[in-house]
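Peer 1: this one's sequence-less:
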């Protein structure tokens, strides 16, 4: 049964060093606030999972919290590379990062298999691909009914899944809509889950065929308005495209990255404080330009 609790307490109690952690979100509803709290608390040796790791994973990896990444694409959407991710893989900074690369279809099927409590997923993909040459967890089996050659990959069953959503009610049921990606499957596949939400309401007022995660599938609900920033939450906020562009020069060099993370994440109390410091910096820059 879901517990409504502050994000700091949820991360402290539910995310342990060495856990496999999935922070899912596909363009939309990316749980940046929760990622920052993981960094603030200095969680380490994490195996990170996500179909499309972008800025928040660049930050978590760059701050030394991760030892491995299981993924299907990684980059700064519309901009280019994740420089902290690349530095960890290519140069071992801040330490070596192991990677396990899949296709989008493979990752989606792996989450579905995990949610179904199955040990592996089957799909027709990967035939003719070079991914099996670099990922020993992509294997091939023969269908016992047709003799067809199929790809098999381990299911994804995180210790903790973290997502952002629009609403939760006071019993811990969660409603989300828009581009969903694999958030539902990632939560159902996990042992524990943390969901940050824009608002907590008395009644979800969920329309027919809505995506509702029942409270029995959720460990903690945390009220964090704007917790997906700089990604967007449909019906609540827009994507901050400028932030994604600005991140590229910040992440290119280690010292600039570390200074930015110290000021905006390590030295802030929570996500609301992060946004305050970020806005203060923007306003200071505007003042300097007009002087």
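Peer 2: Happy to help now that I have it. All of these numbers come straight from a predicted model, not from anything done at the bench.
Peer 1: Could you work out the end-to-end span of stretch 59-76 for me?
Peer 2: In stretch 59-76, first residue to last residue: 12 Å (CA to CA, to the nearest Å).
Peer 1: just stretch 60-69 next, same as before
Peer 2: 11 Å.
Peer 1: How far off centre is that stretch?
Peer 2: Here the centre of stretch 60-69 is set off from its chain's centre by 12 Å, with CA atoms, centre = their mean, to the nearest Å.
Peer 1: list the buried ones in it?
Peer 2: The neighbour-count check on stretch 60-69 (16 or more other CB atoms under 10 Å) flags 60-69 as buried. Just so you know, the C-beta spots here come from the backbone N, C-alpha and C atoms, and that holds for glycine as well.
Peer 1: Apart from its neighbours in sequence, what residue is nearest residue 34?
Peer 2: Once flanking residues are discounted, residue 34 sits nearest to residue 162: 4.6 Å by CB to CB, 6 or more residues apart in numbering.
Peer 1: need the contact list for the one you found.
Peer 2: Going by CB atoms under 8 Å, 6 or more residues apart in numbering, residue 162 touches 21-24, 31, 34-35, 193-196.
Peer 1: Within the sheet, what are the partner strands of the strand or helix carrying it, with directions?
Peer 2: For residue 162, the host element (DSSP states H and E) is strand 160-169. Paired strands of strand 160-169, with direction, are strand 20-23 (parallel), strand 174-176 (antiparallel), strand 192-201 (parallel) (DSSP bridges).
Peer 1: between those, which gets nearest to residue 105?
Peer 2: Of all the strands paired with strand 160-169, strand 20-23 sits nearest to residue 105, with 17.1 Å by CB to CB.
Peer 1: the helices in the protein, which residues?
Peer 2: 7-14, 32-40, 55-62, 83-91, 104-115, 131-134, 183-189, 241-252, 254-261, 271-290 (DSSP state H).
Peer 1: Give me the angle between the strand holding residue 162 and helix 32-40.
Peer 2: 140 degrees (axes from the mean of the first three to the mean of the last three CA atoms, to 10 degrees).
Peer 1: which parts of strand 160-169 are buried?
Peer 2: For strand 160-169, by 16+ other CB under 10 Å, it's 160-169.
Peer 1: Tell me what angle it forms with helix 104-115.
Peer 2: Using the same axes, to 10 degrees: strand 160-169 against helix 104-115 is 80 degrees.
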